Structures are given as structure tokens and as C-alpha cells.
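Participant: Model the structure of this input:
(chains A, B, C and D)
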Protein chains: 2
Amino acid sequence: MKKRITLKHIANQFDVSIATVSKALSDSYEISTKTKDKIQQYAKEHHYQPNSVALSLLNKKTKTIGVIIPNIMNNFFAKVFVGIEEKATENGYSLISCISNESHEKELKTMELLKNGTLDGFILSLAEETQVKGQYLHLKNAINEGVPMVMFDRVTDEIKCDKVIVDDFEGARHATNHLIKTGCKRIALISVIDNLSVGKLRAKGYEEALAENDIEVDQKLIVKIGKREDFETAMKIVLADKSIDGLLCLEESSAVQSLEIVKHLNYIIPDDISIICFTNGKLPQYVSPKITTISQHGKYIGEVAAKMLIDRLEGNSETSFQTKVIKTSLIERESTKKIN
Amino acid sequence: MKKRITLKHIANQFDVSIATVSKALSDSYEISTKTKDKIQQYAKEHHYQPNSVALSLLNKKTKTIGVIIPNIMNNFFAKVFVGIEEKATENGYSLISCISNESHEKELKTMELLKNGTLDGFILSLAEETQVKGQYLHLKNAINEGVPMVMFDRVTDEIKCDKVIVDDFEGARHATNHLIKTGCKRIALISVIDNLSVGKLRAKGYEEALAENDIEVDQKLIVKIGKREDFETAMKIVLADKSIDGLLCLEESSAVQSLEIVKHLNYIIPDDISIICFTNGKLPQYVSPKITTISQHGKYIGEVAAKMLIDRLEGNSETSFQTKVIKTSLIERESTKKIN
DNA sequence: ATGAAAGCGCTAACAC
DNA sequence: GTGTTAGCGCTTTCAT
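Facilitator: From the prediction side, this is the model:
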């Protein structure tokens, strides 16, 4: 990189002190118009830009937020990231981003690495492995050191900080109720994310809806499929039960895959079987029939999380930590029957 | 943020100078074992971490790379980002990321903002608007100022820097040839990205393949659909020509949409009509029939781009700029006939 | 074996 | 109106 021009260069250029140049460029009343003019012009011509690293050192603020995302290929997280990015930019913050790739190790290393002054604060969602292992020491340390932090979506009660979460329980409850209202009697829950906090909450919402409607929970209908199992095989076994007439899938890939399997089994959708899934990405919209989804408003969550952190960084927030719960929306499409 | 511990604190603690502490912590032979031991232990106990901003100022290196991506919701770019992230982390670099959102203004502002010492270099792909307008001044400025830069995918000849590009021409040529070899006679090109450099290259590859096979290019089969036009309407008009038996879609959404339209028209895929599209995301794999795609190896491109930049930053690269061309792969699935 | 001093680029309090 | 000084946190050269 070509050496960039500094205050010192300009000062030498005009035989004035560095301080004078600094003041001239900030248009201080202390400096004569003549001096200011020539210095400002020179600075402009030579594309002077204050060195932000020096400013960061001085101000002890970097105007940079660290973002740790489990997986950017996941539509929901990508949307959240877009929201964070937008809000951050709007407020003059940059983003240092890291993909934990669901690895505890990577999450931990990143936090250690970035807690050193590079960042003003963190926004993060827990890696799957972190949630499974329940190892939150790195987060507790950060909190103890006073690192401002906002967690979203995949959170834990063990860490006291600001949080933004999806109303997963209510989303699942509402979706299940919708299936029931449209005539489904035997609704299966398809979860490939039962190891995540959000997966468990969604399952609870499903059970709650059944209870409200006096439908007994049939454990056979609560299908938990692990990452290593073959989804198709597992689903075919489930669908051997021909009485199943509704599917609540806890994320989109399993819904799209289920849709294909169901179609091959010659079910008519939504008449024979209805499908609703979480995460309103492209996948459910582009298949045929289009799948009814529960939107988690990812982008909005990102915006809220960023706003919360920035407010805290700039001292505009209450002293106590807050948890904001974002309501989901049911987006009705072709995989569910209309009410009435 | 609680004040973090500095060399000065430690120095006061033991009534030694800052320099001694610094040396002790870097295990210098100049310092007595006794002093080193107590200082190192104290530092560990109090979680001392060197302030990276101070180090950046000193070393004039931030070990940070700026990444400007047009749209993170795009599967290809998301993959590239993953690749960049992996390679960067591996080499001890952090990423400051920005989504230009296809806006020229945002791209330009970001570059201006980050050229101020925060970054060691840039990796970027041009915003659509930048390519359409052909305004590259911000990039030329950056190059003139000696900012190390690697462009990928959406590049321009006007900027002299390291580049990583997809072999779009060859990918389209190969795919078109594949369609021809499997019996397609009338192949339509469906482009919703004709304003992008890559879109134009792919179209050229298509034409080349036709020429090689002595098939005359029929302009009616070269379908360019703008963002604002209704895709479905446009496609239905195109498909009024019942002689069309092959579709080369230049990106995945249009392919999936076309697939649905074609299915509704009661064509049998691939017998009546074959489809191939660029970008090997989830979409083409989850629909039925699964669409044959051209993989651009997004993640690999990211890795290569990151490696190129890091090599240049660390002085391991040739002086002249290089352009690496990554070959595409055809991933055969159900939307094309088998050869023989 | 330890420390003083300079310097990375900048701002701000305080002279003159 | 302009300059001097100190300091942000750190490393390194050069004393002692």
C-alpha cells in the first residue's frame, strides 16, 4: 500500500505544526481563514483521510461490531445478517463478521480473538455445538469483562445480556392451530433441529396447540431426525401411517423434501395432507405447490439486534438487559387448505 | 466496556517499566526469569490481551480484509463468502464485510469509508448498478492509492488488479453442447442478468456452441427478461414456440420458475424439454425433477480470492496482476437426458 | 537485567 | 492564530 498522507506531511508542507493542521481540517475557529483554506485545499487534493486506527486508539472506540453467525447459507441467518448490516451502516458502524459454522471451537476462538479492542461489541447466535454441549464459558467471560453483547435466535438463559428472539413457541402453536382449523386431525411434527433451543420451543408450541384442542399427543407423530440419519428413509417410515394428514416441519429443507416424498406417494396436497414449515426462504416459494410458511422476520430481527447493541454502546439503553420477542407471521400458500 | 488491562497497569503493579513488561510478555532473553515469571503469571491471571488497535497503528497493518458482496441472499455469493472466510481465518485475517446490495452508491461509500487504514486490502465483486453504469472511478482511485485488491466474478477490464473469475463462456458452451448432444435442437437462452458481465459471457458461450454445431442463432430464442418484467408472462410467450426443446437458464431462480411453467404446460422433462441452469444452489436440487446445473464452485473461488489477496499483502505474489479462471462443472441431474 | 525515549497518527488542553 | 505537550497502548533501539 502506497504510504498514505498524514497530518505530519501536510504540516511539513506548510511549515506549521501538526496541531494547526488538525485544527484547520476540523475547521476550528482558532485558525485563520487563510491557513485553513490552503490546508483544506491541499488535503482535498491529496485525498487526505484521517487514519481511523489512530482515532480508534484515541477514542477507545472502533465503531465496529463483531457478528458471529452459525451458517450464512441458512436463509434465516442470511436475512438477519442483511438486517444487521443495514442498521449498522445507517449508524456508521462496520461489521467484522465470522461464520462459526456451527462449531463451538470456532465460536470460542473468534470471541477470544476479537475481544482485544478491535470491536465495540458483539451480536451473535449460538453454534449448534455450543448449544448441544451447553458450554458457555467464553460468553460468560466476555460478559464479565463487560463486553457489550446482543444474542439472537439461538440464545441461552445462562448468559445475561440483551437478546432478540423469535416467538417460536407461539409460531408453532399458531401454525398447528391453523392446521387443525383447516381440518387436519393427525399432525406430525418433523424436526431435524431438536438439539437447538428453538427446535425445542417449537415442539412445545405444537404440543400446546394439540392440548388446547383436546388432541392427545402421539409420540409416534413427533419425529426427530438426526443430521446423520437418512431423511428420506425416516420419512417414508413415518408416512407409512396413512392417517397422517398434516406436517409441521421445523425448517424449510425438510419441508421441501417431505413435499417431494408425499407427492411421490400420490397424496394430493393440501387435500390429503397439509404442510407448514418454519423459515420463509426461497425454497418453499419456488416448489409446487408453494408451501405455507412461518416467517420469522429475519431481517427485522437483525435490525432490532443491531439497534439494541448500538443503543447500548452509545448509552441510550436501560441499565437492565432486555429480551425482545419478535412475533412470527403465517404466510398462507398452497400447501394448506383455506379456513372454511 | 470495563477498562481492559494494559502493559502500564502491569508495570505499575510491579514497579517496573512498560518496556520491561512488554519484553517479559514476549519472553525476551533480556529479562530475568524471575521477572518474566511473575509478570507472565499476572498477565494470565488478569487475562491480559494486547490491544490490537495499538498494534495495528504500530505495524501499519490491521490483518483485516474488506469484503464487498453484491447480495448475500444469492447462493453463489454466499458460498464465495464462506470460502473467503475460511481462508482468511486460516491465515489470521478478519473480515470486514459489506453488502453493496447491488447499489453503486453503497459500494462507493464503503470503499471510501474503509480505505482509511482499517483494512489491509479488499475483495469485491461489482454491484449490478456499477456494471450497468460503468462507473469505476472509486476503484481506479483505490488502485492508484495502492490499495491491494482482488476482484471476483463480476469484474471489469478497466481495473488492473488480481482477479478470480468463473469460466462463464466455457460453462455455457459446455452446457449448450451437452443439450445438443442429448438431442436438443431448439435451445432457448433465458437471461435475467444480461446487464452483468457474466451474463454476456454466458450468452457468448451459448452462441459459440451453436456455431460449432452449425446451428444458426435464432434471436427469438435469446430471451432477455428485465427485473421489472413479469417473468411468468414473458416465459409463456417464449414457450408459445412449441419447437423449443431445451432451456439454458443463466441463473437458478429463472430455471426453477421455468420448470414450473413448463410442467404446467404438460411437457415431460427432460423428454420434451431439457433444462440446465447456472448456480448450483439448493433450489435446483430440491425441486422435482432435479435440475442439471453448472457449478461455479463458489466456495473455491472465495478461497482462491482470499489466498491471492493474502499472498499479495504478504509479498508472496508476482509483481504483475493475475487473473485466475475457475472452470465450471456440469452436474447432471434429472432435467436433462443422458448421453446415449 | 532494566529503563528511557521515540514513534505509529491523531486530538485536546494549555501555553504563547 | 499558532505551537507545545501529553497521551491513547504498544514495540524497539539504545542507553545504563
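Participant: Quick one: mean pLDDT over the helix or strand harbouring A:Gln13.
Facilitator: Using DSSP states H and E, A:Gln13 sits within helix A:7-14. Averaging pLDDT along helix A:7-14 yields 94.
Participant: again, but for stretch A:202-216
Facilitator: What stretch A:202-216 shows for mean pLDDT is 98.
Participant: Extract the CA atoms of it and return them as PDB.
Facilitator: These are the backbone C-alpha positions of stretch A:202-216, laid out as PDB (Å, rounded to 0.1, in the frame of the first residue of the first chain):
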ATOM      1  CA  ARG A 202     -41.400 -25.100  18.500                       C
ATOM      2  CA  ALA A 203     -42.100 -28.600  19.600                       C
ATOM      3  CA  LYS A 204     -43.600 -27.200  22.800                       C
ATOM      4  CA  GLY A 205     -45.800 -24.900  20.800                       C
ATOM      5  CA  TYR A 206     -47.100 -27.800  18.700                       C
ATOM      6  CA  GLU A 207     -47.900 -29.800  21.900                       C
ATOM      7  CA  GLU A 208     -49.700 -26.800  23.400                       C
ATOM      8  CA  ALA A 209     -51.900 -26.400  20.300                       C
ATOM      9  CA  LEU A 210     -52.800 -30.000  20.400                       C
ATOM     10  CA  ALA A 211     -53.700 -29.700  24.100                       C
ATOM     11  CA  GLU A 212     -55.800 -26.700  23.500                       C
ATOM     12  CA  ASN A 213     -57.800 -28.700  21.000                       C
ATOM     13  CA  ASP A 214     -58.100 -31.700  23.200                       C
ATOM     14  CA  ILE A 215     -56.000 -33.800  20.900                       C
ATOM     15  CA  GLU A 216     -53.700 -36.200  22.600                       C
END
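Participant: so where's the stretch 1-150 of chain A shaky on pLDDT?
Facilitator: Low-confidence regions of the stretch 1-150 of chain A, defined by pLDDT under 70, span residues A:1-2.
Participant: sorry, back to before: is any part of the helix or strand just after the helix holding A:Gln13 close to DNA strand D?
Facilitator: Reading on from helix A:7-14 to the C-terminus, the next helix or strand found by DSSP H and E is helix A:18-25. Yes: contact of helix A:18-25 with DNA strand D (CB under 7 Å from any atom of the strand) involves A:Ile18, A:Ala19, A:Thr20, A:Lys23. Heads up, the C-betas are built off the backbone N, CA and C, glycines and all.
Participant: follow-up on the earlier one: pull out the buried residues from the helix holding A:Gln13.
Facilitator: Across helix A:7-14, burial judged by 16 or more other CB atoms under 10 Å in any protein chain shown covers A:Leu7, A:His9, A:Ile10, A:Ala11.
Participant: likewise stretch A:188-207?
Facilitator: Residues of stretch A:188-207 classed as buried by neighbour count (16+ other CB under 10 Å): A:188-194, A:196-203, A:205-207.
Participant: how long is it end to end?
Facilitator: This stretch, stretch A:188-207, spans 11 Å end to end (CA to CA, to the nearest Å).
Participant: Could you list the residues of chain A in contact with DNA strand D?
Facilitator: Listed as neighbours of DNA strand D in chain A under the rule CB under 7 Å from any atom of the strand: A:15-20, A:23, A:28-32, A:34-35, A:54, A:57-58, A:60.
Participant: And the buried residues of helix A:7-14, which is closest to DNA strand D?
Facilitator: Of all those, A:Ala11 has the smallest distance to DNA strand D: 7.4 Å, by CB to the nearest atom of the strand.
Participant: A:Lys324 falls within a strand, correct?
Facilitator: Yes: if the criterion is DSSP: H, G, I helix; E, B strand; the rest coil, then A:Lys324 is within a strand.
Participant: Might you report the residue contacts of it?
Facilitator: Residues in contact with A:Lys324 (CB atoms under 8 Å, 6 or more residues apart in numbering or on different chains) are A:Lys163, A:Val164, A:Ile165, A:Val304, A:Met308.
Participant: Redo the residues you listed as JSON lines? Include pLDDT and neighbour count.
Facilitator: Converted to JSON lines, the contacts of A:Lys324 look like this (pLDDT from 0 to 100; neighbours: other CB atoms under 10 Å in any protein chain shown):
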{"residue": "A:Lys163", "pLDDT": "98", "neighbour count": "21"}
{"residue": "A:Val164", "pLDDT": "98", "neighbour count": "27"}
{"residue": "A:Ile165", "pLDDT": "98", "neighbour count": "22"}
{"residue": "A:Val304", "pLDDT": "98", "neighbour count": "21"}
{"residue": "A:Met308", "pLDDT": "98", "neighbour count": "26"}
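Participant: how about the residue in the stretch 101-250 of chain A positioned nearest to chain B, secondary structure?
Facilitator: Relative to chain B, the nearest point of the stretch 101-250 of chain A is A:Gly146 (3.3 Å; CB to the nearest CB). Three-state assignment for A:Gly146 (three-state DSSP): coil.
Participant: The one 5 residues further on now?
Facilitator: Following three-state DSSP, we place A:Met151 in the strand state.
Participant: what helix or strand does the closest residue to it other than its chain neighbours sit in?
Facilitator: The shortest distance from A:Met151 to any non-neighbouring residue, by CB to CB, 6 or more residues apart in numbering or on different chains, is to A:Lys163 (4.9 Å). Assigned by DSSP H and E, A:Lys163 belongs to strand A:162-166.
Participant: Just the endpoints, please. Distance across stretch A:225-236?
Facilitator: Distance across stretch A:225-236, first residue to last, is 12 Å (CA to CA).
Participant: Settle this for me: A:Gln135 is touching A:His104, isn't it.
Facilitator: Yes: using CB atoms under 8 Å as the test, A:Gln135 is close enough to A:His104 to be in contact (6.2 Å).
Participant: Those two - which one has more neighbours?
Facilitator: A:His104 (18 against 15; other CB atoms under 10 Å in any protein chain shown).
Participant: which residues sit in contact with that one?
Facilitator: By CB under 8 Å, 6+ apart, A:His104 lies in contact with A:Ala127, A:Glu129, A:Thr130, A:Lys133, A:Gln135.
Participant: Thought A:Lys87 was touching A:Val307, still the case?
Facilitator: Rather than Val, residue A:307 is Lys. Yes: counting by CB under 8 Å, A:Lys87 is a contact partner of A:Lys307 at 5.6 Å.
Participant: Pull out the buried members of the residues of chain A next to DNA strand D.
Facilitator: A:Val16, A:Thr20, A:Lys23, A:Ile31, A:Thr35, A:Ala54, A:Leu57.
Participant: The stretch 1-150 of chain A: strands as residue ranges?
Facilitator: For the stretch 1-150 of chain A, applying DSSP state E, counting those that start in this stretch gives strands covering A:64-69, A:94-99, A:121-124, A:149-152.
Participant: May I see these arranged in CSV, with distance to DNA strand C and mean neighbour count as well?
Facilitator: Listed next are the strands of the stretch 1-150 of chain A as CSV, based on distance: least, CB to the nearest atom of the strand, whole Å; neighbours: other CB atoms under 10 Å in any protein chain shown:
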stretch, distance to DNA strand C, mean neighbour count
strand A:64-69, 17, 24
strand A:94-99, 17, 24
strand A:121-124, 22, 25
strand A:149-152, 27, 26
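Participant: could you redo the ones you listed as TSV and give each row distance to B:Phe169?
Facilitator: Below are those laid out as TSV (distance: least, CB to CB, whole Å):
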stretch	distance to B:Phe169
strand A:64-69	34
strand A:94-99	31
strand A:121-124	41
strand A:149-152	42
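Participant: Looking at those strands, which is nearest to B:Gly83?
Facilitator: Counting by CB to CB, B:Gly83 lies closest to strand A:94-99 out of the strands of the stretch 1-150 of chain A; the figure is 10.6 Å.
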